[in-house]
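>>> quick check, what structure comes out for this input:
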Amino acid sequence: MAFDFLQAAKMPLTPRELGVLARAAEGASIDEIARSLHLSKGTIRNYLAAAIRKVGGRNRLDAVRISQGAGWL
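Reported below is the predicted structural model:
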């Protein structure tokens with residue numbers, strides 16, 4: 001349990017990045033995420049790019065896998 005707490009404490013994602021990545025993990029497209037959050041497609045792409053970079057992923061699927069493995073999603 002302590003390890004899980006320490007892993008969660010190291011989470012580099014903002015709540016918004018985490019939310020966008022979670023919707024992407026559900027299979028939502030950029031258009032769908034943008035509509036549901038009332039944001040532009042460019043903003044969603046920026047959030048996804050930031051999340052991918054912060055977790056060290058190669059693409060959005062890799063970022064989802066890493067985040068799920070760390071227990072963030």
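>>> give me the neighbour count for Gly56.
Residue crowding around Gly56 was assessed by other C-beta atoms under 10 Å; the count is 10. Where you see a C-beta, it was placed from the backbone N, CA and C, and this is true even at glycine.
>>> now the one 3 residues further on
Asn59: 10 surrounding residues under other C-beta under 10 Å.
>>> what's the closest non-adjacent residue to the most centrally placed residue in the chain?
Geometric centre of the chain, nearest residue: Leu21, 2.7 Å, by C-alpha atoms, centre = their mean. Counting by C-beta to C-beta, 6 or more residues apart in numbering, Leu21 lies nearest to Ala51, which is 4.8 Å off, once chain neighbours are set aside.
>>> ok, that neighbour - how many residues close by?
27.
>>> report the buried residues of whichever strand or helix holds the residue nearest to the centre of the chain.
Applying DSSP states H and E as the criterion places Leu21 in helix 15-25. By 16 or more other C-beta atoms under 10 Å, the buried positions in helix 15-25 come out as 17-25.
>>> run through who's touching it.
11, 13, 32-33, 36-37, 44, 47-48, 50-51, 54, 60, 63-64, 67-68, 72-73 (C-beta atoms under 8 Å, 6 or more residues apart in numbering).
>>> what comes up buried for the helix or strand just after that helix?
With elements assigned by DSSP H and E, the helix or strand that comes after helix 15-25 is helix 30-37. Buried residues in helix 30-37, defined by neighbour count with 16+ other C-beta under 10 Å: 30, 33-34.
>>> please consider this matter closed, and thank you.
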